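Peer 1: Quick one, fold the following:
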Amino acid sequence: MSGEVQAAAVLGGLQESEQLEDSGHRGGRVRRQRIGLGDWLLPVYTVLAFVFLLIPIVYTLVFSFNDSIKSNISWRGFTFDKWLNVCNVEGGAVCEAFANSIVIGLVATVIATTLGTMIAIALVRYRFRARSSISLLLFLPMATPEVVLGAGLAAQFLAVGVPKDMTTIILAHTMFCISFVVVTVKARVASLDPALEEAGRDLYGSPSQVFWRVTFPLLVPGILAAALLSFALSFDDFIITNFNSGSVSTFPKYIYISASRGIPAEANVIASAVFLFALVLVIVAQVSRAARAKRLAKLS
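Peer 2: The predicted structure is shown next:
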């Protein structure tokens, strides 16, 4: 009898443990089905943030098709005339300002990228006096308010006697873009594997051959990122440009001056075209990156 009692007790304990496990699983499923505050608050916040960011872009794109006369505030009708005759407003002033911004951005980007890349390589690869001080000073243009930077540059140009024109704008943009280039390329240089360059030297490559065939191709992604950032900062800048431009008009300056009497729809056309062009570049870059990753996956 004692054996039967013990067997019954064991079986009863197993049944109770299985019941507890089943109830625990059901309770876990019930707990997992509960929706907390963060489960819906974060998606709602994300959607609202995107809507808030995209409303000005959508407004600019829609009102580029507005059949406006002087002011582009109220909707008057749909038309393609603004896209087809974008340079006809105010004697082509908007196109002239846009062309000035493109030229200034390209020249300042080339100069800043070249100088910033050389500075970044020197700061990472070489040890010299005042190295840490130079690294600290390079961050000052990034931390200084643009009003202070623009006013200081304008005072320096005035003291030296340099007339304010496109040259002073390029010099000012180059100065504050160099810091962003150095920070971007410096991170890329620091991440390079020295063994790759050592392998090039072991294969009897000269210093110039090792740099252009090994180091520089590895730096190209960082250099391109720094160049794109510099061009975006230069093209979009208004405060420093306004202090050092004189009578030269750039696209941001034209928008600011036109805001008092009404921004023409042609300005919306150019802004929309720039946005669409940047969007196409991003899509092409992502598609090419995905295709390259797919090819590498097949090869591996």
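Peer 1: in stretch 57-74, what counts as buried?
Peer 2: Residues of stretch 57-74 classed as buried by neighbour count (16 or more other CB atoms under 10 Å): 60-61, 63-66, 68, 72. Yep, even glycine has a C-beta here, placed from its N, CA and C like the rest.
Peer 1: for the residues you listed, which one is nearest Val110?
Peer 2: The closest of the buried residues of stretch 57-74 to Val110 turns out to be Thr60 (CB to CB; 29.0 Å).
Peer 1: Now for the closest one: which residues touch it?
Peer 2: If a contact means CB atoms under 8 Å, 6 or more residues apart in numbering, then Thr60 has 268, 271-272, 275 as its contacts.
Peer 1: Just give me the neighbour total for the nearest residue to Gly150 once chain neighbours are set aside.
Peer 2: Excluding its sequence neighbours, the residue lying closest to Gly150 (CB to CB, 6 or more residues apart in numbering) is Phe243, at 3.5 Å. A count of nearby residues for Phe243, using other CB atoms under 10 Å, gives 22.
Peer 1: for Thr167, same thing?
Peer 2: Thr167 has 16 neighbouring residues, counting by other CB under 10 Å.
Peer 1: mind checking how far it is from Ala232?
Peer 2: Relative to Ala232, Thr167 is positioned 21 Å away (criterion: CB to CB, to the nearest Å).
Peer 1: ok, now Val58?
Peer 2: Shown here: Val58 relative to Ala232, a distance of 21 Å by CB to CB.
Peer 1: Centre-most residue in the chain?
Peer 2: The central residue of the chain, meaning the one whose C-alpha is nearest the mean C-alpha position (CA atoms, centre = their mean), is Leu229 at 6.0 Å.
Peer 1: which strands and helices sit next to the helix or strand that one falls within?
Peer 2: For Leu229, the host element (DSSP states H and E) is helix 216-236. Where contact means 3 or more CB pairs under 8 Å, 6 or more residues apart in numbering; DSSP states H and E, helix 216-236 is packed against helix 93-125, helix 166-190, helix 251-258.
Peer 1: So which of the contacts of Thr60 belong to strands?
Peer 2: Cross-referencing the contacts of Thr60 with the strands (criterion: DSSP state E) gives no overlap at all.
Peer 1: Quick one, which of these are buried?
Peer 2: With burial judged by 16+ other CB under 10 Å, the buried subset of these is 268, 271-272.
Peer 1: can you list the residues you listed in a markdown table and add distance to Leu123 and pLDDT?
Peer 2: Compiled in a markdown table, the buried ones among the contacts of Thr60 are given as follows (distance: CB to CB, whole Å; pLDDT from 0 to 100):
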| residue | distance to Leu123 | pLDDT |
| --- | --- | --- |
| Asn268 | 43 | 89 |
| Ala271 | 37 | 90 |
| Ser272 | 40 | 92 |
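Peer 1: Is Leu233 in contact with Met175, as I believe?
Peer 2: No: counting by CB atoms under 8 Å, Leu233 sits too far from Met175 to count as a contact (11.5 Å).
Peer 1: Can you check which helix is longest in this protein?
Peer 2: Of all the segments assigned as helix in the chain under DSSP state H, the longest by residue count is helix 265-299.
Peer 1: so what does it touch, helix or strand wise?
Peer 2: With contacts defined as 3+ CB pairs under 8 Å, 6+ apart, the packing partners of helix 265-299 are helix 37-63, helix 81-84, helix 93-125, helix 251-258.
Peer 1: right, and those - which one's nearest Pro207?
Peer 2: Each of the helices and strands packed on helix 265-299 was checked against Pro207 via CB to CB, and the shortest separation belongs to helix 93-125, namely 11.8 Å.
Peer 1: Who are the packing partners of the closest one?
Peer 2: In this structure, helix 93-125 makes packing contacts with helix 131-138, helix 166-190, helix 216-236, helix 251-258, helix 265-299, judged by 3+ CB pairs under 8 Å, 6+ apart.
Peer 1: in stretch 231-245, what's buried?
Peer 2: For stretch 231-245, the neighbour count (16+ other CB under 10 Å) marks 231, 233-235, 237-245 as buried.
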